[in-house]
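Asks: what follows is a predicted structure for the sequence shown.
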Amino acid sequence: MQPEEYNSGTFTLSNLGMFGVDRFDAILPPGQGAILAIGASRAQVVATEEGLIGVRRQMQVNMTSDHRIIYGAQAAAFLQDLAKLMETDPQSLTL
């Protein structure tokens, strides 16, 4: 892509999970409202809803926001909604 093709967005997705990177901090490009860093999913030992121990695939996702554009509470609500969709209806996130 040429700079003029990617210089006017407001939200960026940065996915290093496909390279096996499980967590990282994405740097917010100038002029962007937020950037979402998506890591690889990994099998993790977790406590289940039933109070048992189980293995679930989990992934790290974090968001960096320009608080002049996006309030922190709005960013947190977005991450909550994203987590709920990923846990209950992942098909809704595909094209």
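Replies: Cool, got the structure. Numbers count the residues shown, from 1 in each chain.

Asks: which helix or which strand is home to the residue nearest the centre of the chain?
Replies: Centroid check for the chain by Cα atoms, centre = their mean gives residue 61 as the closest residue, at 3.6 Å. Residue 61 belongs to strand 53-65 when assigned by DSSP states H and E.

Asks: that strand - contacts with which helices or strands?
Replies: Counting contacts by 3 or more Cβ pairs under 8 Å, 6 or more residues apart in numbering; DSSP states H and E, strand 53-65 packs against strand 34-47, helix 72-88. In this view, the C-beta of every residue, glycine as well, is placed from N, C-alpha and C.

Asks: would you mind finding the most buried of those?
Replies: Neighbour counts (mean count of other Cβ atoms under 10 Å) averaged over each of those peak at strand 34-47, with a mean of 15.

Asks: in the strand holding residue 61, which residues are buried?
Replies: 61, 63-65 (16 or more other Cβ atoms under 10 Å).

Asks: for this structure, what helix or strand is lowest in average pLDDT?
Replies: helix 3-6 (a mean of 71; mean pLDDT, DSSP states H and E).

Asks: next secondary structure element downstream of that one?
Replies: strand 11-15.
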